[in-house]
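S.K.: Provided below are the primary sequence and the corresponding predicted coordinates.
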Amino acid sequence: MLTEALKKHWGYDSFRPLQAEAMQCVLDGRDSLVVLPTGGGKSLCYQVPAVCRDGLAVVVSPLISLMKDQVDGLLACGVPAACINSSLSADERRWVANDVRSGKLQLLYIAPERLVQPRTIDFLRDAGVSFIAVDEAHCISEWGHDFRPEYRELRRLRDELPGIGIHAFTATATEPVRKDIATQLGLREPDVLVGSFDRPNLLYRCERANSKIDQVRELIEQHPNESGIVYCLSRKDVEEISAQLNAHGLRTAPYHAGMSDDNRRRNQDAFIKEDVETIVATVAFGMGIDKSNVRYVIHTGMPKSLENYQQESGRAGRDGLEAECVLLYSMRDFGWWKKTIEESAASNQAAATASLQAMVNYCSGVRCRHRSLVEYFGQEFELASCNACDVCLGDLDLVDDPLIVGQKILSSVIRQGENFGIEYTALVLKGSKDQRIRQKGHDHLSTWGILEEEPLQALRDWIEQLISQDFLERVGEYNVLAVTPSGRELLRGNISPRLLRSVDSKKRQKRTTEKLAVDWEGVDRDLFDDLRILRHDLAAQAGVPAYVIFPDATLRGLAKFRPSTPEAMLRVKGIGEKKLADYGEAFLECIRDYCHENEKPLDCFE
Ligand code: ADP
């Protein structure tokens, strides 16, 4: 039954990991807590059973924009759904209420504050509710990153609607948040389903920010006509970077909390509707954006924690196709966050500092990025190589004699009296005649110029790598370097560090391009572009986001197999009966015309 509904409405043949188990819980009426990463396919876990069960599925969702996108998506798949929120007029609300009463709807999206009103609960009591799904369930936990006090009230649902199953969905992985969700919602012996947090389709890379604009521009140019997000640390950066990219002929729009609501909404819409490809934003942008075909997320500064990085970079590639996540970082970002944390009156300064340190270690670290992220969130990473990060793809070359290099650096730190920072130490090792160095007499140290043949940037990188591997630490107000106990072991030759050189950007880009091309195999790119334009126009006519018409994966499928008939079209993933009826002919015509003009064969199914 589930498989049939999945095929009929969504046009998919198989489930993603844990989807079938999660759907079974809903069918059986057993409470559940489902933790899947962004893009794991959580929505379908309650949408498919809602279609298969009698009665009305009620979905709690925190943001109006999220609800609207989900409802648009469901309607496009031929599933009767609606939402009730403050954006509706009194008339519209009455229509929805009528549809609920007459049993027309299968899913109803509703904001938490409205759901817990006595009037709404009374109304739902008579509406034949089959189950309740709580989306973004981590909002209920104070431990989570998006705590919403109104979610706390949801506890009342259990008491007021006692016989009805409750199913919580979140992408937040930490154990305390998970436990908190179950307690706060009053879940009864829930099935807890936790998926793998690895996102194998994301290609992670960290780079030092040297010339930000050029780096960002080069990255965007690797993705012509594709959607992407550029995250900045400040509003000022957003304005400047967006303007500079536009001056270079790219189409970007800025987004930050300092803009007027109208301007913000306009830019967000332009991004969702694909009138602009790139949105340049602060972290204010993202929550509530369901766009599944974000092909790159670039950070122009280091986020304050790995939790934040995972969330923000995770907005890439929700459709499961390859996408690129690049973090441009500098130690200035670290200093800035450290100061911000120290100046804040928050009670959890120690935790914030630890999160920040984990973030720095990730940036300057030399371990597989997928492994680092997955392990940070408490899971094991089983692959020897992810084949999808700068470390595993060999974008970074290992230094041949890391122990000797490490010893040279550490002994310089000691000879300098453990009283200087990264930049100064790098200059001493390079043999700089900087005035400060001469004044201190450090040009007479035996370590002065001991690594003079190496680029200054490599020296800075290695010092950071030694910090991230706990051989050095930054101490005090001025972040001066000090040798740790493990560093002393290194000096004695008992442990060796792993030090990396970066590879030149041309070679790296080639590897990235090859990696990102995997999902394009057999796809006719020109036809894909024609289909994308058609999708854009159809979406504009229907007033829905482009991906509601078809996800990218489906367009690529069409551009690869080039079906000529409705029956053949149904063989492409992501095309259900309703979408075939609504859009089939338009796409078939576009494919036929293209193949005719370009003498390409049709129906290229294996
Ligand atoms: P999440 O809410 O977990 O971030 P979504 O529910 O938005 O993820 O799903 C992400 C994308 O994956 C959507 O485009 C959705 O249609 C697609 N998807 C979900 N389940 C499947 C499946 N079984 N087969 C193919 N695509 C799927």
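M.R.: Alright, I've got the coordinates.
S.K.: In the stretch 401-550 of the chain, where is pLDDT below threshold?
M.R.: Scanning the stretch 401-550 of the chain for pLDDT under 70 picks out 503-507.
S.K.: any chance you could map the helices in it?
M.R.: 402-415, 422-430, 435-439, 456-468, 485-491, 505-516, 525-542, 546-549 (DSSP state H, counting those that start in this stretch).
S.K.: Go through the ones you listed and pick out the most buried.
M.R.: helix 546-549 (a mean of 25; mean count of other Cβ atoms under 10 Å). For glycine as for every other residue, the C-beta is placed from the backbone atoms N, C-alpha and C.
S.K.: Please see if that one touches the ligand.
M.R.: No: judged by Cβ under 6 Å from any ligand atom, helix 546-549 makes no contact with the ligand; its nearest approach is 6.9 Å.
S.K.: I'd like the mean pLDDT over the following helix or strand past that helix, please.
M.R.: Using DSSP states H and E, the helix or strand that follows helix 546-549 in sequence is helix 552-561. If you average the pLDDT over helix 552-561, you get 95.
S.K.: Need the residues that contact helix 552-561.
M.R.: 11, 292-293, 319-321, 519-520, 522-525, 527-528, 531-532, 535, 550, 568-569, 571-575, 587, 591, 603-605 (Cβ atoms under 8 Å, 6 or more residues apart in numbering).
S.K.: same for the helix or strand harbouring residue 328, what does it pack against?
M.R.: Take DSSP H and E as the rule and residue 328 turns out to sit in strand 323-329. Other elements packing on strand 323-329 under the criterion 3 or more Cβ pairs under 8 Å, 6 or more residues apart in numbering; DSSP states H and E are strand 202-208, helix 212-221, strand 294-299, helix 306-313, helix 349-364, helix 505-516.
S.K.: Is it positioned near the ligand?
M.R.: No: using Cβ under 6 Å from any ligand atom, strand 323-329 stays clear of the ligand, with a minimum separation of 12.3 Å.
S.K.: quick check: longest helix of this protein.
M.R.: helix 577-598 (DSSP state H).
S.K.: which parts of that one are buried?
M.R.: Under the neighbour-count criterion of 16 or more other Cβ atoms under 10 Å, helix 577-598 has 577-580, 583-584, 587-588, 590-591, 594-595 buried.
S.K.: show me what contacts the closest residue to residue 516 other than its chain neighbours?
M.R.: In space, and not counting its chain neighbours, residue 516 is closest to residue 322: 4.9 Å by Cβ to Cβ, 6 or more residues apart in numbering. Applying Cβ under 8 Å, 6+ apart, we find residue 322 in contact with 201-203, 295, 515-516, 518-519.
S.K.: The ligand versus the residue of the chain most remote from its centre, what's the distance?
M.R.: Distance to the chain centre peaks in the chain at residue 444, reaching 49.9 Å (criterion: Cα atoms, centre = their mean). Residue 444 sits 60 Å away from the ligand, going by Cβ to the nearest ligand atom, to the nearest Å.
S.K.: try residue 179
M.R.: In terms of Cβ to the nearest ligand atom, residue 179 sits 21 Å off from the ligand.
S.K.: start to end distance for stretch 23-37?
M.R.: End-to-end distance of stretch 23-37 (Cα to Cα, to the nearest Å): 17 Å.
S.K.: oh sorry, the question was meant for stretch 229-239
M.R.: Span of stretch 229-239 from end to end, Cα to Cα: 14 Å.
S.K.: which other residues reach it?
M.R.: By Cβ under 8 Å, 6+ apart, stretch 229-239 touches 216, 220, 241-242, 245, 252, 254-258, 278-283, 285-286, 294, 296-303, 312, 315-316, 333, 336.
S.K.: Show me which of the residues you listed are buried.
M.R.: For these, buried by 16+ other Cβ under 10 Å: 216, 220, 241-242, 245, 252, 254-256, 278-283, 285-286, 294, 296-303, 312, 315-316, 333, 336.
S.K.: Any part of the longest helix of the chain near the ligand?
M.R.: No: Helix 577-598 stays clear of the ligand (Cβ under 6 Å from any ligand atom), getting no nearer than 11.7 Å.
S.K.: From the contact counts, what lies against that helix?
M.R.: Helix 577-598 packs on helix 64-76, helix 525-542, helix 566-569, going by 3+ Cβ pairs under 8 Å, 6+ apart.
S.K.: follow-up on the earlier one: export the helices and strands packed on strand 323-329 as TSV, with columns for distance to the ligand.
M.R.: Formatted as TSV, these follow (distance: least, Cβ to the nearest ligand atom, whole Å):
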stretch	distance to the ligand
strand 202-208	13
helix 212-221	23
strand 294-299	11
helix 306-313	11
helix 349-364	22
helix 505-516	18
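S.K.: need the least confident one among these, by mean pLDDT.
M.R.: Ranked by mean pLDDT, the helices and strands packed on strand 323-329 bottom out at helix 505-516, with a mean of 73.
S.K.: Show me how the record splits the chain into domains.
M.R.: 2-194, 202-395, 399-500, 521-598 (automatic domain parsing).
S.K.: Identify the residues contacting residue 148.
M.R.: By Cβ under 8 Å, 6+ apart, the neighbours of residue 148 are 62, 112, 139-140.
S.K.: residue closest to the middle of the protein?
M.R.: residue 314 (1.2 Å).
S.K.: what sits against it?
M.R.: Applying Cβ under 8 Å, 6+ apart, the residues near residue 314 are 37-39, 171, 199, 202.
S.K.: which pair in the residues you listed spans the largest distance?
M.R.: By the measure Cβ to Cβ, 171 and 202 form the most distant pair in the contacts of residue 314, at 13.7 Å.
S.K.: Nice, that's everything, thank you.
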